[in-house]
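# Fold the following.
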Amino acid sequence: MLDKLINELEKRKESYDHLLENYKFFFKLTTLSVADVYMYAARLQKEYLNDFKPSFINECLHFRGHLKSIGSDAPNTIQDMCAFIRQKNVVNIYPYIDISLRMLLCTPISNCSTERLFSALKRVKSYLRSCSKENRLNSLAMMTIEADLTSKIDYNGVIEEFATLKCRKKC
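I've put the predicted structure just below:
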């Protein structure tokens, strides 16, 4: 179980590294040459063919020029760039830039459920339960993860039913 967890975490790190490799040009958009921006934007566009049209590359070049014309007041972070596009009301001019930046900003949020699972598993798999079978451990983890649902369940009926099935009457 621990090996699987380590393997999954390593895969996630590789995925994040790959994602950041594709998006890193946005962090230094104003300092890159036009040829470099073109190359990085083309790579990102090929990675997300269904999300970005070929005009994404030209948008990146135009956005670079727009940011360079602003000078030192140009946004530096992805979040600032996304806010800048919205505040200046230029979403219609840079629609694919807006989409790409929001995709990057939303990526960690989409992994929250996985993070919750690992946190819950750590809490459930304590020293006392280290000899539990995998099936029981999975059930305990699910109960911990879905605590908001399990706290609403009325267990009295379940206890009553269990008590009648396993009743050991003393004579």
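
# Point out where the chain drops to low pLDDT.
1-2, 108-132, 166-171 (pLDDT under 70).

# longest helix of it?
Counting residues, the longest helix in the chain under DSSP state H turns out to be helix 2-23.

# Buried ones in that helix, by neighbour count?
By neighbour count on 16 or more other CB atoms under 10 Å, the buried set for helix 2-23 is 22-23. In short, each C-beta sits where N, CA and C put it, glycine included.

# What's the first helix or strand after it?
Counting by DSSP states H and E, the next helix or strand C-terminal to helix 2-23 is helix 34-47.

# now the angle from that following helix to helix 2-23?
130 degrees (axes from the mean of the first three to the mean of the last three CA atoms, to 10 degrees).

# for the longest helix of the chain, packing partners?
helix 34-47, helix 95-110, helix 112-124 (3 or more CB pairs under 8 Å, 6 or more residues apart in numbering; DSSP states H and E).

# What is the neighbour count of the residue lying closest to residue 57 once chain neighbours are set aside?
Take residue 57 and drop its neighbours on the chain: the residue closest to it by CB to CB, 6 or more residues apart in numbering is residue 41, 4.4 Å away. For residue 41, the count of nearby residues is 25 (other CB atoms under 10 Å).

# Report the contact partners of residue 41.
25, 56-57, 59-61 (CB atoms under 8 Å, 6 or more residues apart in numbering).

# Show me the residues you listed that map onto helices.
56-57, 59-61.

# With distance to residue 98 and neighbour count as new columns, can the residues you listed be given to me in CSV?
What follows is these, written out as CSV (distance: CB to CB, whole Å; neighbours: other CB atoms under 10 Å):
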residue, distance to residue 98, neighbour count
56, 11, 21
57, 15, 20
59, 9, 20
60, 12, 27
61, 16, 15
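
# What is the nearest of these to residue 20?
The shortest gap between residue 20 and any of the ones in helices among the contacts of residue 41 belongs to residue 60, at 16.7 Å (CB to CB).

# roughly how far apart are the closest one and residue 36?
Applying CB to CB, to the nearest Å, the value for residue 60 to residue 36 is 11 Å.

# any common contacting residues for the two?
residue 25.

# which of the ones in helices among the contacts of residue 41 lies closest to residue 76?
Using CB to CB, the ones in helices among the contacts of residue 41 come closest to residue 76 at residue 60, 16.3 Å.
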